[in-house]
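Q: Any chance you can model this:
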Amino acid sequence: MPLFSSRPLRSASPLRCAGPLPGLLAAAGAVVLALAVHSLVPVLPAMTLAVAAGLLAANVPGLAGWTAGPGRAGLDFAGKHLMRAGIVVLGLKVSLMDVLGLGWAALLLITGVVLAAFAGTYAISRLFRLPPPVSLLIATGFSICGASAIGAMAAVRRIRQHDTVLPVALVTLCGTLAIGVLPLLIRPLGLGPEVFGAWAGASVHDVGQVVATAQTAGASALAVAVVVKLTRVILLAPMVAVAGLHHRSSAASGAGLKRPPIVPLFVLGFVALAALRSTGWLSPAVLDAAAVLQDILLGMALFGLGSAVRVGQLLHTGARALLAALASWLLIAALGLGAAFLMIR
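A: Sure thing, here's the model as predicted:
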């Protein structure tokens, strides 16, 4: 049996005529619910809740058939196109001035952590015999910025949306694990707030998960964590560009193959909005509105991806992937902790 269920219904079915609207409405409703729960329980990131809602929808009797049938068109649209739109808007969270304020030594250190985490995670995934495309996506999501990075890399490498679901599930699981585990280690490791914040920013995957983890140690930890994390987010553009260049050269060597763009337009949009944010021209109200829009877009995308996962089959066939993800999570946590001690002296 396939691990993921995204088979379309036969075109003759009248349910298919509904198009993407039912799935999009369901995804929007799930995000509203996730944001409401997050506002009541801030330690639960809205994006994690959106993935969890998708998983529930895909595995609860009565809803599972709907997510695989009449809702599938809209859910697939959200998982692909709204994910890209959300990555563009993510650029408005990145201020180059804040990042440069860390100093060149810290920037080089964070870059080294990202590269080591990427290479190490890819090697671990291949060691556990995961397919190269899945290994690439897991390495990208774990080392840079979670599901957003996975979506960007999948686009530039022309990896099927079907193959992004498992990496997104794993990066969400391990990021959620960090929220509960890392704060418990503050006292045993003797970490100050700034060191803990740098550790969270350097090792936790998604931006929302970083915030949820770092805020447990106070405002100073949160401030450091966000800047360190956004430095990793900036590396999304060059990493994707390098992957696109490699893929373009590989495609050029094949007869009759159309060469893909080096960098997709939505990644260029991310860079453009990051540059716009760095000018300081945008008001706090605009940035707040953009943050809400980004949560809505990425939340709908993650609900769509989560709704393609069948948990029973995932547990049966994804054990190797889960072990690889946990090993990679430990590697990145160790790398991030070492970098935090070097950055905050």
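
Q: contacting residues for residue 77?
A: The contact partners of residue 77, by C-beta atoms under 8 Å, 6 or more residues apart in numbering, come to 20, 23, 24, 304. C-beta coordinates here come from the backbone N, C-alpha and C atoms, glycine included.

Q: can you give me phi and psi for it?
A: Listed backbone geometry of residue 77 is phi -60, psi -40, with angles given as degrees, to the nearest 10.

Q: Could you point out which residue ranges in the stretch 151-300 of the chain have low pLDDT?
A: In the predicted model of the stretch 151-300 of the chain, residues 250-262 satisfy pLDDT under 70.

Q: please redo it, this time with the cut-off set to 80
A: For the stretch 151-300 of the chain, the stretches with pLDDT under 80 are 247-264.

Q: all strands of it, in order?
A: Per DSSP state E, counting those that start in this stretch, the stretch 151-300 of the chain has no strands. Nothing in it meets that criterion.

Q: Which residue is the nearest non-sequential neighbour of residue 235?
A: With C-beta to C-beta, 6 or more residues apart in numbering as the criterion, residue 235 has its nearest non-adjacent residue at 5.3 Å, and that residue is residue 114.

Q: For that neighbour, grab the count of nearby residues.
A: Applying other C-beta atoms under 10 Å, we find 24 residues neighbouring residue 114.

Q: Quick check: it vs residue 336, distance?
A: Taking C-beta to C-beta, to the nearest Å as the measure, residue 114 falls 10 Å from residue 336.

Q: Quick test: name the residue nearest the centre of the protein.
A: By C-alpha atoms, centre = their mean, the mean C-alpha position of the chain lies nearest to residue 147, the distance being 1.8 Å.

Q: ok, now which ones touch the residue lying closest to it once chain neighbours are set aside?
A: The shortest distance from residue 147 to any non-neighbouring residue, by C-beta to C-beta, 6+ apart, is to residue 168 (4.8 Å). Contact criterion C-beta under 8 Å, 6+ apart gives 51, 141, 147, 150, 302, 305, 306 as the residues in contact with residue 168.

Q: separation between residue 168 and residue 332?
A: Residue 168 is 17 Å from residue 332, where distance means C-beta to C-beta.

Q: again, but for residue 162
A: Residue 162 is 26 Å from residue 332, where distance means C-beta to C-beta.

Q: Just want to know which of the two has more residues nearby.
A: Between residue 162 and residue 332, counted using other C-beta under 10 Å, the more crowded position is residue 332 (25 against 15).

Q: Surely the more buried one and residue 203 touch.
A: Yes. In terms of C-beta atoms under 8 Å, residue 332 counts as a neighbour of residue 203; the distance is 4.9 Å.

Q: The helix or strand encompassing residue 323 - contacts with which helices or strands?
A: When secondary structure is defined by DSSP states H and E, residue 323 falls within helix 319-343. Here helix 319-343 is seen to pack against helix 104-127, helix 132-143, helix 165-181, helix 193-203 when contacts are counted using 3 or more C-beta pairs under 8 Å, 6 or more residues apart in numbering; DSSP states H and E.

Q: And the helix or strand harbouring residue 51, how far out from the chain middle?
A: Secondary-structure element containing residue 51, defined by DSSP H and E: helix 46-59. Here helix 46-59 shows a centroid-to-chain-centroid distance of 14 Å under the convention C-alpha atoms, centre = their mean, to the nearest Å.

Q: ok, the spatially closest residue to residue 229 that is not a sequence neighbour - contacts?
A: Excluding its sequence neighbours, the residue lying closest to residue 229 (C-beta to C-beta, 6+ apart) is residue 201, at 4.1 Å. Residues in contact with residue 201 (C-beta under 8 Å, 6+ apart) are 210, 214, 224, 225, 226, 227, 228, 229, 231, 232, 336.
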